[in-house]
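Engineer: curious how this folds, go ahead:
(2 chains)
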Amino acid sequence: MESVIDIQGLGLTFERDGRRTEVLRGLDLAIPRGAFVAIVGASGVGKSTLLRVLIGLAQASAGKVTLDTHSAQRQPVALVFQDSRLLPWRRVIDNVAFGLEGRGLSRRDRHAKALDALGIVGLAHLARRWPHQLSGGQRQRVALARALAVEPEVLLMDEPFSALDAISRESLQDELTRIWQVTGKTILFVTHDIEEATYLADRVVVLAGAPGRAVADHAIDTPRPRRRDDDADAAIVADVRRHLGSSKGAVLAEAA
Amino acid sequence: MALTETAALPVAPAARRARLNAFSSVGLGAAGLLAFLLIWQAVPSLSLVNPMMLPGPLAIPAAFQSELASGMWLTAVTGSLSHYTLGLVVGSALGIALGVLTGMSRVAEDLTSWVVRVLRPIPGLAWAPFAIIWFGVTPSAAVFIITISVFWIVFFAAHGAVRAVDRDLLEVADAFGFRAAHEKLFKIYLPAAMPGILVGLRTALGQAWMAVVAAEIFGVPGLGHRMIEASALLATDIVIVYMLTMAALYGLLDSLFLLLQNWLLRWKA
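Structural biologist: Residues are numbered from 1 along each chain as shown, chains lettered A, B, ... in the order given. Below is the predicted model of the structure:
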């Protein structure tokens, strides 16, 4: 299958105060176009770093990353951060239009596109609000709209729902699934929540170790719409837990 | 019944108390001002002090009227306001420009750090000799002194505000492809630093009035100059007219600035 992102032998070493920390080593990963891939791992394993390399916030020290995008777009990838990181001095609509600036579009056109993106996340009616007037869940929806507005081929998401309450998190998970199905975007979703990964993605890659590398790669074939109480992926969840070194996972794996 | 009463009780008295507090604080303020004026008037009226040394408030309206009629008041006010405005605009513009530059660039900060340390402690007024040598006793000299006083306040406010800009928001600019310095300046640094810069500007607004009076004492026409002229003639009532004029102008400008500030920062919670 055609890959939109092809990562080969990716390595990354930070240097701070003369101390070198190797975060990633020899990571190979191919993301097919239109796939929903979840990357699971403990904190500090380099999941976020991987996304930062893909968006250009960090430089790889080794290996190769190939982005095969169809159009000569200014921005083939967009990132949704863990905290929404909206600009507090911009209204919702202008936050969503942020990435569209500097492309020779008129303000009217930018706003029209931003309003479309807000419509996708169901918040068009809050366009004139300030970020501080929104709930945490709404802010994260706006951040998602901001990423969608630049019409990227790949959506990178860095634990985007981990700071939300359970109810907002579940409704955003369902919304994201719907948006993925409607837009056909490729999604690379980083999380430390195994259930979230298996509920959302059609492939789960486990990062572990120091430096981090891919230790497991599971296809999730459960048909959609999925049920949260479904235990069809119980074996996969147990295997992921085992790889993450969680004792609970190890016990489950033995039982299975 | 008893239940609804206890539920309603804590709300109503709180609101009434708040209203009462607002009313009584205005009333107390007015009473305090009245007492102040009475004591002020009593001092010369009871001959505790020679009225030539301290005229009472009742003498002020007549003095104000005569200054107004002679046209002196308007000339002094427009003169001072023009020095004030020019000095404020030039000093603020330079202060913001250099403060933002040294806030954004480590090289610029290191390059200027020792120069700042040398020049910073010199009060604006200490530049008066050079102001007069370079510009003579002209409005430009007054503007120069005001500019320097304003510059440092705004410079440090802008520098600090830019240094404190949230790195996470700068990453947002990077993530959306805005990597150039001018893109980050206008999209992130300036709006994010705006609250801090405005605090500096408001302080400068008050500081600039002190500089106006000081600068004009050397003879540049304006409020300060007219005060010195009047005091030389022992026209103390006229001195007080100009003292109150300054207080009124400052109060007016500060209120207008506050309105502007609230509008600019309407995005804040």
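Engineer: what about B:Gln65, how many neighbours?
Structural biologist: Using other C-beta atoms under 10 Å in any protein chain shown, B:Gln65 has 12 neighbouring residues. Every residue, glycine included, has its C-beta placed from N, CA and C.
Engineer: pLDDT of the helix or strand that contains it, averaged?
Structural biologist: B:Gln65 belongs to helix B:60-70 when assigned by DSSP states H and E. Regarding helix B:60-70, the rounded mean pLDDT is 95.
Engineer: who does it touch, helix- and strand-wise?
Structural biologist: helix B:72-104, helix B:236-264 (3 or more C-beta pairs under 8 Å, 6 or more residues apart in numbering or on different chains; DSSP states H and E).
Engineer: tell me the angle that helix makes with helix B:72-104.
Structural biologist: 90 degrees (axes from the mean of the first three to the mean of the last three C-alpha atoms, to 10 degrees).
Engineer: gap between helix B:60-70 and the chain center?
Structural biologist: 26 Å (C-alpha atoms, centre = their mean, to the nearest Å).
Engineer: list the buried residues of that helix.
Structural biologist: B:60, B:63-64, B:67 (16 or more other C-beta atoms under 10 Å in any protein chain shown).
Engineer: list just the nearest of the residues you listed to chain A.
Structural biologist: B:Phe64 (44.1 Å; C-beta to the nearest C-beta).
Engineer: wouldn't A:Gly26 be in contact with A:Arg213 here?
Structural biologist: Yes. Between A:Gly26 and A:Arg213 there is a contact under C-beta atoms under 8 Å: 5.8 Å.
Engineer: those two: who's more crowded?
Structural biologist: A side-by-side neighbour count of A:Gly26 and A:Arg213, using other C-beta under 10 Å, places A:Arg213 first with 19 against 14.
Engineer: can you map out the helices along the stretch 151-269 of chain B?
Structural biologist: Using DSSP state H, counting those that start in this stretch, the helices of the stretch 151-269 of chain B run over B:167-175, B:181-184, B:190-217, B:223-232, B:236-264.
Engineer: highest average neighbour count across those helices?
Structural biologist: helix B:190-217 (a mean of 21; mean count of other C-beta atoms under 10 Å in any protein chain shown).
Engineer: what's it packed up against?
Structural biologist: Counting by 3+ C-beta pairs under 8 Å, 6+ apart, helix B:190-217 packs on helix B:72-104, helix B:128-135, helix B:139-163, helix B:223-232, helix B:236-264.
Engineer: quick one: that helix to helix B:139-163, angle?
Structural biologist: Interaxial angle, helix B:190-217 versus helix B:139-163 (the same axes, to 10 degrees): 150 degrees.
Engineer: which residues touch B:Leu249?
Structural biologist: B:77, B:81, B:209 (C-beta atoms under 8 Å, 6 or more residues apart in numbering or on different chains).
Engineer: pretty sure A:Asp174 sits in a strand.
Structural biologist: No. Applying DSSP: H, G, I helix; E, B strand; the rest coil, one finds A:Asp174 to be helix, outside a strand.
Engineer: what about the residue in the stretch 1-150 of chain B that chain A sits nearest to, how many residues close to it?
Structural biologist: In the stretch 1-150 of chain B, no residue comes nearer to chain A than B:Val100, which is 16.0 Å away by C-beta to the nearest C-beta. B:Val100 has 21 neighbouring residues, counting by other C-beta under 10 Å.
Engineer: need the contact list for residue 222.
Structural biologist: Because you didn't say which chain, this covers chain A. Contact analysis of A:Thr222 by C-beta under 8 Å, 6+ apart lists A:198, A:230, A:232-233.
Engineer: wrong one, chain B
Structural biologist: B:76, B:79-80, B:83, B:142, B:212, B:216.
Engineer: got the residues you listed as CSV, with pLDDT columns?
Structural biologist: Converted to CSV, the contacts of B:Gly222 look like this (pLDDT from 0 to 100):
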residue, pLDDT
B:Ala76, 95
B:Gly79, 94
B:Ser80, 95
B:His83, 93
B:Ala142, 93
B:Val212, 89
B:Glu216, 89
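Engineer: out of the residues you listed, which are buried?
Structural biologist: Neighbour counting by 16+ other C-beta under 10 Å classes B:76, B:79-80, B:83, B:142, B:212, B:216 among the contacts of B:Gly222 as buried.
Engineer: ok, so of the buried residues of helix B:60-70, who is nearest B:Ser149?
Structural biologist: Among these, B:Glu67 lies closest to B:Ser149 (C-beta to C-beta), at 26.9 Å.
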